[in-house]
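**Student:** I'd like to go over a predicted model; first the sequence, then the structure.
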Amino acid sequence: MRERGRKRIKWASRRMPVLMSIREDYSQEKPLKGIRIAACLHITTETANLALTLRDMGAEVRLCASNPLSTQDDVVAALNEEEGIEVYARRGESEEEYYANIRKCLAFKPHITVDDGGDLTVVAHTEGQYEGIIGGTEETTTGVRRLREMESEGVLKYPVIAVNDSKTKYLFDNRYGTGQSTVDGILRATNVLLSGKVVVVAGYGWVGRGIAMRFRGMGARVIITEIDPIKALEAVHDGYDVMPMYEAIKGADLVITATGEPDVVRREHLEVAKDGVLLANAGHFDVEINLRDLGAMAESVSEIRRNVKEYVLKDGRRVYLLCEGRLANLCAAEGHPAEVMDLSFSNQALAAVYLLRNRERLKPAVYTLPDVIDEDVAQRKLASMGIRIDEPSEAQLRRRWTEGT
Ligand code: ADE
């Protein structure tokens, strides 16, 4: 187990050149020396490489899971047994264990919290465990939304960097990362042919558009559902059919939710769904498919394949639910590939340094990283791919300078 984890972590590290360059650049100076970091992330090979980078930058790191079904137990074993990084997580942990593990991370008295979805930050606040925390970072759209609510209610106690909102994060991780890993998760769980299938993607944010693009690329006939008229209009102009879920689900072979909203698929939709429809979620929380409605409508439920439950409804139709309505890309597959997490986690490592260097100036609010950091991450990635771009001319530089002032 431990050996398998170690090899897979190494495999991922070779696909994370930007993070490795940051690790190397800072391993002498150790800007995070003496800093305790508690990170609540999906425990994957990519997260392991972030934890090892933060450690080599001087920090002491503890990890817990941001989802009870996404933990890769071989990674936990490798980090705990070989690297001396304590990880409090196991795949399939109960809700009580999940929160107990978050509390263990907070008991470590972190200076910095690194979060994916907001649970660590919220528990730190609701249980009064924020003394001594200099700041935090947040990886995902859902978490940033929760933080902005806390900020507007005046309850946020420390500054948080919305790493999600860096361009080198959301344009790549949310779009290409989720696009590919959702195809991967659905194929590993079901092994169905995608070509010719009717796939409904709920939500046309960065995640939804990545998923739609990749399923279209596999030959599926993609329909988009939205509640935002502008995003719906964009989807139409990108060439997709757009319609309400009630209409779309009648002909759907597969429905994937990616909205961040609850009850996107609920009783009224399940009542008209096509026999044999597959339901999968790619949003952070397991709230997008109403599991209570599905359970109440079912006569029997059984696990028909790993990560797939068959619900036989009272009228005989069958509905297949993937990963209990949790993130299919992380629960049935391994999450986003390392190449894209390279960008997200480079921003995370640089955000930790940024928090420390600006600690006197930052107030309890939600911040984004400055453009120079985004551009540095992009330049490093391009360099690692052997791609050069033009230097701005004198006139272009002057124009950029005057526009920026
Ligand atoms: N979120 C999505 N994919 C991930 C991965 N591979 N590791 C950590 N967090 C993720």
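**Tutor:** Great, that's in hand.

**Student:** isn't Asp253 right up against Asp275?
**Tutor:** No. Contact criterion C-beta atoms under 8 Å: Asp253 and Asp275 do not qualify, at 10.4 Å. C-beta: built from backbone N, CA, C; applies to glycine.

**Student:** near the ligand, which residues of the stretch 301-405 of the chain?
**Tutor:** Contact residues, the stretch 301-405 of the chain versus the ligand (C-beta under 6 Å from any ligand atom): 330, 335-336, 341.

**Student:** tell me how many other residues crowd the closest residue to the ligand within the chain.
**Tutor:** Shortest the chain-to-the ligand distance, computed as C-beta to the nearest ligand atom: residue-wise this is Gly335, at 2.8 Å. Neighbour count of Gly335, defined by other C-beta atoms under 10 Å: 27.

**Student:** apart from its chain neighbours, what residue comes closest to it?
**Tutor:** Residue nearest to Gly335 in three dimensions, not counting chain neighbours: Thr44, with 5.0 Å by C-beta to C-beta, 6 or more residues apart in numbering.

**Student:** which residue ranges form the helices in the stretch 1-150 of the chain?
**Tutor:** With DSSP state H, counting those that start in this stretch as the criterion, the stretch 1-150 of the chain has helices at 2-13, 17-26, 45-56, 73-78, 95-107, 119-126, 141-152.

**Student:** and the residue nearest to Gly335, how far from Leu397?
**Tutor:** Separation of Thr44 from Leu397 (C-beta to C-beta, to the nearest Å): 41 Å.

**Student:** which one's more surrounded, those two?
**Tutor:** Thr44 (22 against 11).

**Student:** my read: the more buried one touches Ala333, true?
**Tutor:** No. Contact between Thr44 and Ala333 fails when scored by C-beta under 8 Å: they sit 10.2 Å apart.

**Student:** could you pull up the residues touching the nearest residue to Lys309 once chain neighbours are set aside?
**Tutor:** Closest residue to Lys309 apart from its sequence neighbours, by C-beta to C-beta, 6+ apart: Leu321 at 4.8 Å. By C-beta atoms under 8 Å, 6 or more residues apart in numbering, the residues touching Leu321 are 279, 289, 291, 294, 308-309, 311.

**Student:** which bits of the stretch 1-150 of the chain sit near the ligand?
**Tutor:** Checking the stretch 1-150 of the chain against the ligand by C-beta under 6 Å from any ligand atom, the hits are 41-42, 44, 46-47.

**Student:** once you drop chain neighbours, what's closest to Ser181?
**Tutor:** Asn329 (3.6 Å).

**Student:** thinking the one you found is in contact with Thr182, fair?
**Tutor:** Yes. Applying C-beta under 8 Å as the test, Asn329 and Thr182 come out as touching, 4.7 Å apart.

**Student:** between the two, what contacts are shared?
**Tutor:** Joint contacts of Asn329 and Thr182 (C-beta under 8 Å, 6+ apart) are Ala282.

**Student:** after the longest helix along the chain comes which helix or strand?
**Tutor:** Counting residues, the longest helix found in the chain (DSSP state H) is helix 338-357. The helix or strand immediately downstream of helix 338-357 is strand 366-367, counting by DSSP states H and E.

**Student:** contacting residues around the residue lying closest to Asp173 once chain neighbours are set aside?
**Tutor:** In space, and not counting its chain neighbours, Asp173 is closest to Ser344: 4.5 Å by C-beta to C-beta, 6+ apart. Ser344 sits next to 139, 163, 168-169, 172-173, 177, 336 when contact means C-beta under 8 Å, 6+ apart.

**Student:** quick one: which of those residues is most hemmed in?
**Tutor:** Val163 (31 neighbours).

**Student:** next up, phi/psi of it, please.
**Tutor:** phi -60, psi -30 (degrees, to the nearest 10).

**Student:** so what's it scoring on pLDDT?
**Tutor:** Confidence at Val163, expressed as pLDDT, is 98.

**Student:** is it true that it touches Thr137?
**Tutor:** Yes. At 5.1 Å, Val163 and Thr137 qualify as touching, with contact defined as C-beta under 8 Å.

**Student:** phi, psi for Tyr311 please.
**Tutor:** Taking degrees, to the nearest 10 as the convention, Tyr311 sits at phi -110, psi 120.

**Student:** that older thread, neighbour count winner among Asp253 and Asp275?
**Tutor:** Set Asp253 next to Asp275 and count neighbours by other C-beta under 10 Å: Asp253 wins out with 18 against 10.

**Student:** Leu321 belongs to a strand, doesn't it?
**Tutor:** Yes. According to DSSP: H, G, I helix; E, B strand; the rest coil, Leu321 belongs to a strand.

**Student:** identify, out of the helices of the stretch 1-150 of the chain, the most deeply packed stretch.
**Tutor:** helix 45-56 (a mean of 25; mean count of other C-beta atoms under 10 Å).

**Student:** which residues does it contact?
**Tutor:** Contacts for helix 45-56 (C-beta under 8 Å, 6+ apart): 5, 8-9, 11-13, 16, 19-20, 22-23, 26-27, 32, 37, 39, 41, 61, 63, 72, 75, 78-79, 83, 85, 334-336, 338, 341-342, 345, 348-349, 352.

**Student:** what angle sits between it and helix 2-13?
**Tutor:** 80 degrees (axes from the mean of the first three to the mean of the last three C-alpha atoms, to 10 degrees).

**Student:** show me what contacts the most centrally placed residue in the chain?
**Tutor:** Central residue of the chain (C-alpha atoms, centre = their mean): Thr140, 5.5 Å from the mean position. Thr140 makes contacts with 116-117, 164, 284, as judged by C-beta under 8 Å, 6+ apart.

**Student:** one more: Glu334?
**Tutor:** 44-45, 72, 181, 184.

**Student:** present those as JSON lines; the columns should include pLDDT.
**Tutor:** Converted to JSON lines, these look like this (pLDDT from 0 to 100):
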{"residue": "Thr44", "pLDDT": "98"}
{"residue": "Thr45", "pLDDT": "98"}
{"residue": "Gln72", "pLDDT": "97"}
{"residue": "Ser181", "pLDDT": "98"}
{"residue": "Asp184", "pLDDT": "98"}
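
**Student:** Thr225: which of those is nearest?
**Tutor:** Ser181 (21.1 Å; C-beta to C-beta).
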